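Trainee: Have a look; sequence and predicted model below, questions after that.
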Amino acid sequence: MTRLSSAFAKPHPALVCFLTAGDGDTAANLDALVAGGADVIELGMPFTDPMADGPAIQKANIRSLGAGTTTADVLAIATAFRARHPDVPLVLMGYANPMVRRGPEWFANAAQDAGVDGVICVDIPPEEDDALGPALRAKGIAPIRLATPTTDDRRLPQVVAGSEGFLYYVAVAGITGMQQAAIESIEANVARIKQATDIPVAVGFGVRTPEQAAEIARVADGVVVGSALVDLVAEHGTDAPEHLRALTASLAEAVHSAR
Amino acid sequence: MNDTPPNSFRTQPDERGHFGDYGGRYVAETLMPLVLDLEREYRAAQADPAFDAQFQDLLEHYVGRPSPLYFAERLTEALGGAQVWFKRDELNHTGAHKINNCIGQILLAMRMGKTRIIAETGAGQHGVATATVCARFGLPCTVFMGAEDVRRQSPNVFRMKLLGAEVRPVTSGRGTLKDAMNEALRDWVANVDDTFYIIGTAAGPHPYPELVRDFQSVIGKEARQQMQDRIGRLPDLLVAAIGGGSNALGLFHPFLDDADVKMLGVEAAGHGLDGNEHAASLLGGFPGVLHGNRTYLLQDEDGQITEGHSISAGLDYPGIGPEHAWLKDSGRVEYTAITDEEALEAFQLLCRTEGIIPALEPSHAIAAVAKRAKEMPKDAIILANLCGRGDKDIFTVAERLGVEM
């Protein structure tokens, strides 16, 4: 059983927590997420042009790059995390260009060496899977695909076919950190996706509070929270860990006890 | 009968939207069904004679096509070499080639039942052209423009507003063209049901590079026929400036299988290719993925996108259309770069020899023409695309020449 499948095999839904690498003291911040009860860590690779992200994560990208974060730094953060937390699944999330800059094989090797379990690439849809997917699979790293409200039944089989680890259902047609989708829409779409695949479905985009997270956890295998955590890093700087731990703990309690 | 030669340069892209290693559809899943819809609708439009008839009618009576083919006699004399001819796309309605593409795309948008238009713009030419067609067809229009460009290009901002468009200044990133494109993409994913994104150059996810090229190919089709009619032969060299590359592709594409016609694409060298202050993606960049396609990009060793620089805001983009990337690698088209200074000199040269104030974008092409013409015999023929007029640039030029306005 992989670290990712173990996380989703727990008797409760999984909490997936996102932070941008290199924004603040990432090691301390990630430790706070784990201490708060996060089941999966999603580590954002900063990019100059984060097209799918709302203002909160855009600013985190700018802060991180402004502080000089490189791809080597991101991989070092992952490597050190893996050493401290041998059992917590770690997923890299980002955009295609930094991932393929030195070639997909280079990236897959480096991610494997860093103990990364999965990769979410926003702008590589199934149609362009060749650009990264085969290299990741060859190294046992799960390519985690995204499904959205616009992914119709005709496309869904193609989307789920190449996805491993879990499927990330983007609850709103829009960017990260903005409005939340109606729970009825989320429930119907998760049910639709689960008819097409056996892999777990985690839901994200627009999830900010324990109440929202609990509502979603009742109908999905996992809940992803990003912008609300990133906002705490922006607001509290070096004091962020205690705040991250507190929010994560309340999110984890809500998600883990939802059903 | 199939008249496409077996090793044609005119059969790209493939069914996945790839031009060799370039192009493709690198978009978020939310947009993927939309670009597939767009492709289906574009194929249907291509097969529909009524679509082409409406497109041609608007080009003739609204845009003012065909644009003239003009022999630049005094410029030719001044250069003392090959004959220089211009395709006069600066005489189009709105003053640049951009309108050709906007007409085509808004017809597609209406065919798809879309009721709202968005666009990105750098210098404002594509924004003005989009606002123009939106006014013409009564569709609401939002143009995303970097806050820095809004400040630098206030006349075009006012033009767009007069035409009824909303101009949304973009403050994310560095507030330039690429940030405007990011913001347009963010708007599009949040308004997938009613909104059509009119992309201004032959870049972005498939099928945009193909359809923009096809709409702009009216330039080369006309020029090819006009050359035959006027002098009974094709030119020896085609020259066009390249930002994203749509005016160049529009001129080049109909000639790609004419083996005796050489082609030169001219990128912006800014302050010079040896530093970082340029916008030459092909000559100074590396292949990567941005804004929906794989192409040459200005980027660092980690794949972070770097800012382009050019005196011409229309060339100031860190990427390039994927078909140019393929044409470069295949060797069919030669690419060169012209500095800000050289473009400024060429701008003034054309003003004084021909009584034409060119935009700073084609001034780069004119500077390259000036270099090449001198090396070619007097019976050789160069055809350059005069893709925009310079009214919008007089403030920039005045500033660079130290003139108080």
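Mentor: Received it, and whenever you're ready, just let me know what you need.
Trainee: quick one: the helices in the stretch 51-200 of chain B?
Mentor: B:73-79, B:98-111, B:125-137, B:147-152, B:154-162, B:177-190 (DSSP state H, counting those that start in this stretch).
Trainee: Let me have these in a markdown table, extended by distance to chain A.
Mentor: The way it works is simple: take the backbone N, C-alpha and C, and place the C-beta from them, glycine included. Below are the helices of the stretch 51-200 of chain B laid out as a markdown table (distance: least, CB to the nearest CB, whole Å):
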| stretch | distance to chain A |
| --- | --- |
| helix B:73-79 | 40 |
| helix B:98-111 | 18 |
| helix B:125-137 | 19 |
| helix B:147-152 | 15 |
| helix B:154-162 | 23 |
| helix B:177-190 | 4 |
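Trainee: Ok, which of these comes nearest residue A:145?
Mentor: helix B:177-190 (16.4 Å; CB to CB).
Trainee: and the longest strand for chain A?
Mentor: strand A:14-20 (DSSP state E).
Trainee: now that strand, how far from the centre of its chain.
Mentor: 6 Å (CA atoms, centre = their mean, to the nearest Å).
Trainee: List the buried residues of that strand.
Mentor: A:14-20 (16 or more other CB atoms under 10 Å in any protein chain shown).
Trainee: wait, which of those is closest to residue B:390?
Mentor: residue A:20 (43.5 Å).
Trainee: quick one: that closest one and residue A:44 touch, right?
Mentor: Yes - between residue A:20 and residue A:44 there is a contact under CB atoms under 8 Å: 4.0 Å.
Trainee: Return every residue with contacts to both of these two.
Mentor: Taking CB atoms under 8 Å, 6 or more residues apart in numbering or on different chains as the contact rule, residue A:20 and residue A:44 both touch A:57, A:60-61.
Trainee: Which ones among these also lie next to chain B?
Mentor: Filtering those for proximity to chain B (criterion: CB under 8 Å from any CB of the partner chain) leaves nothing.
Trainee: Identify those among those residues that sit within helices.
Mentor: In this view, the shared contacts of residue A:20 and residue A:44 that belong to helices under DSSP state H are A:57, A:60-61.
Trainee: Between those residues, which sits nearest chain B?
Mentor: residue A:61 (9.3 Å; CB to the nearest CB).
Trainee: How many residues are close by that closest one?
Mentor: Neighbourhood size, residue A:61 [other CB atoms under 10 Å in any protein chain shown]: 28.
Trainee: what's the longest strand in chain B?
Mentor: Under DSSP E, chain B gives strand B:262-270 as its longest strand.
Trainee: Helix, strand or coil: sort out the residue of chain B found nearest chain A for me.
Mentor: Using CB to the nearest CB, the closest approach of chain B to chain A is made by residue B:303 at 3.4 Å. Following DSSP: H, G, I helix; E, B strand; the rest coil, residue B:303 is assigned to coil.
Trainee: residues contacting the spatially closest residue to it that is not a sequence neighbour?
Mentor: Spatially, and ignoring its direct neighbours in sequence, residue B:303 is nearest to residue A:101 (3.4 Å; CB to CB, 6 or more residues apart in numbering or on different chains). Counting by CB under 8 Å, 6+ apart, residue A:101 touches A:71, A:107, B:288, B:299, B:301-303.
Trainee: Residues of the stretch 151-259 of chain A that sit close to chain B?
Mentor: Checking the stretch 151-259 of chain A against chain B by CB under 8 Å from any CB, the hits are A:151-152, A:155, A:159, A:170, A:172-175, A:178.
Trainee: Now tabulate those in a markdown table and tack on distance to residue B:44.
Mentor: Shown next, in a markdown table, are these (distance: CB to CB, whole Å):
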| residue | distance to residue B:44 |
| --- | --- |
| A:151 | 23 |
| A:152 | 19 |
| A:155 | 20 |
| A:159 | 25 |
| A:170 | 29 |
| A:172 | 30 |
| A:173 | 24 |
| A:174 | 29 |
| A:175 | 31 |
| A:178 | 34 |
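Trainee: Which pair of these spans the longest distance?
Mentor: A:155 and A:178 (23.6 Å).
Trainee: more crowded one of those two?
Mentor: residue A:155 (19 against 16).
Trainee: separation between residue B:388 and residue B:86?
Mentor: 12 Å (CB to CB, to the nearest Å).
Trainee: so how far is the helix or strand encompassing residue B:396 off the chain centroid?
Mentor: Element membership of residue B:396 [criterion: DSSP states H and E] is helix B:394-400. Mean-position distance between helix B:394-400 and its chain equals 22 Å (CA atoms, centre = their mean).
Trainee: Likewise for stretch B:343-362?
Mentor: 19 Å.
Trainee: Same question for stretch B:46-61.
Mentor: 21 Å.
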